[in-house]
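Participant: Here is my input, please return the structure:
(one chain, ligands or ions: 1)
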Amino acid sequence: MAIPIGPATPGKWPPITPEMDHSDAISATPSKLSPIEQAKRLAAYTAVDEHIRPNHKVIGIGSGSTVPYVVERIVQQGEELNKNRVFIPTGFQSKELIVSSNLSLGDVDQFPTIDVTIDGADEVDRDLNCIKGGGACHLREKVLAEAAETFILVADYRKNAEYLGTNFPGIPIEVVPFAYAKVLQNLHHALGSPNATLRMAKAKAGPVVSDNGNFIIDAPFPPETMKDPYKVMTRIKMLTGVVEVGLFCHMAQAAYFGNQDGSVTIKEQTDGLVVERTVLPP
Ligand SMILES: O=C(CO)[C@H](O)[C@H](O)COP(=O)(O)O
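Facilitator: Prediction:
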C-alpha cells in the first residue's frame, strides 16, 4: 500500500493503514477500561492518527498515565515504520515505556530537533496554555515541547478548562533543593501564593525528588492571576533557585480531549486562532 508523506494537517490525512481511522480508534477501546481510561485512550489514539505521519522520524514521548496509549497506537503503526524512528523520553517513566515497547531510544542532546512531541497535561485552557508537572517531569517535558516542530497534548475531558487553575489548583515548580525555603518564602510573601507547599513523597519519607534531583513546589494562585498564565510564569521563573515552571504558554499546536460519550474534542491553532472541533463516535 502507498504510504502518504508530507506535513501533518489535522483531520486531512488518510489513515496510515485502511484499518486505522477514527472509528477504529473509538471502537478499539475495550469496555473493560474505566470511562476515564477510555477517554484517555481515545484522545491518544486520535492524536497519533492525526499527527504521527510516516515521514516523522524523531518523536518525543511525554509522561503520565495517558502517554502509554500514545505509544500503544504508535506501535500499531507497525514495525516497518517504527524501525526507522527514534523516540525521545521526558523522564524515567517514558524511557521505560519506549524500551519495553521495543522502540529505539534517543535523547534530546543527540536530537535537538524533534518532529512531533505528544504529552499529557494536568489542565489546558481555551488558548492552549497548560499546566504540567503533576508527575514532576515538566523540566524535561518543556525541553521536548520546545524542541518539537509540533507539540500536541492528550488528556481526558476533566483537563479541558476555560482558565487554568479551575480543577488543578497548584502550579508545579521545580527548584534546586538548597533554595526551596527561599523560593517558598518568595512565593508566599512576594508573588501572592500563600499556600504554596513543598511536594512530599507518598512512599518515601521526605520530599518528591525529580528525575533531575530537584524538589517540587506546588503553588496555587487566585483565579484572577491565572487569567494571565504567561505573566505568572515569567514572575516565578525569575526567582533564583527555580529551574522550571509547569506552565506551558503558547507552545501547543493542539490538545485532544477524550469525552465520556466516545467523542474527542480537539482545540487547535488555525491561522493564529484556537478553534474547536469534535470527532464523533461512529
Ligand atoms: O505533566 C505531567 C507529568 O509531569 C503529565 O503529563 C501530566 O501530569 C498528565 O498526566 P496524566 O496523563 O496521568 O493525567
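
Participant: quick one: the residue of the stretch 51-200 of the chain found nearest the ligand and residue 257, what's the gap?
Facilitator: Of all residues in the stretch 51-200 of the chain, residue 64 sits closest to the ligand, with a separation of 2.5 Å (Cβ to the nearest ligand atom). Quick note: C-beta positions are derived from backbone N, CA and C, even for glycine. Counting by Cβ to Cβ, to the nearest Å, the gap between residue 64 and residue 257 amounts to 14 Å.

Participant: Looking at these two, which one has more neighbours?
Facilitator: A side-by-side neighbour count of residue 64 and residue 257, using other Cβ atoms under 10 Å, places residue 257 first with 26 against 23.

Participant: For the stretch 51-200 of the chain, just list every one of the strands.
Facilitator: For the stretch 51-200 of the chain, the strands identified by DSSP state E, counting those that start in this stretch occupy 58-61, 86-89, 114-120, 123-124, 130-131, 148-156, 170-175, 197-198, in order along the chain.

Participant: got CSV for those, with distance to the ligand too?
Facilitator: Putting these into CSV (distance: least, Cβ to the nearest ligand atom, whole Å) gives the following:
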stretch, distance to the ligand
strand 58-61, 11
strand 86-89, 12
strand 114-120, 3
strand 123-124, 9
strand 130-131, 8
strand 148-156, 6
strand 170-175, 7
strand 197-198, 17
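
Participant: so can I have CSV of those strands showing distance to residue 68 and mean pLDDT?
Facilitator: Putting the strands of the stretch 51-200 of the chain into CSV (distance: least, Cβ to Cβ, whole Å; pLDDT from 0 to 100) gives the following:
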stretch, distance to residue 68, mean pLDDT
strand 58-61, 10, 98
strand 86-89, 13, 98
strand 114-120, 10, 98
strand 123-124, 19, 98
strand 130-131, 19, 98
strand 148-156, 11, 98
strand 170-175, 21, 98
strand 197-198, 29, 98
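
Participant: could I get those as TSV with mean neighbour count?
Facilitator: Compiled in TSV, these are given as follows (neighbours: other Cβ atoms under 10 Å):
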stretch	mean neighbour count
strand 58-61	26
strand 86-89	23
strand 114-120	26
strand 123-124	23
strand 130-131	27
strand 148-156	25
strand 170-175	26
strand 197-198	16
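
Participant: For residue 70, find the nearest of these.
Facilitator: Evaluated with Cβ to Cβ, the strands of the stretch 51-200 of the chain place strand 114-120 nearest to residue 70, the distance being 4.9 Å.

Participant: What residues does the nearest residue to residue 158 once chain neighbours are set aside make contact with?
Facilitator: In this structure, residue 158 finds its nearest non-sequential neighbour in residue 167, 6.3 Å apart by Cβ to Cβ, 6 or more residues apart in numbering. Counting by Cβ atoms under 8 Å, 6 or more residues apart in numbering, residue 167 touches 123, 158, 159, 161.

Participant: Tell me how many other residues crowd the second one.
Facilitator: Residue crowding around residue 158 was assessed by other Cβ under 10 Å; the count is 15.

Participant: For the ligand, see how far away residue 257 is.
Facilitator: 11 Å (Cβ to the nearest ligand atom, to the nearest Å).

Participant: For that residue, what are phi and psi?
Facilitator: Note on residue 257: its backbone torsions stand at phi -120, psi 120 [degrees, to the nearest 10].
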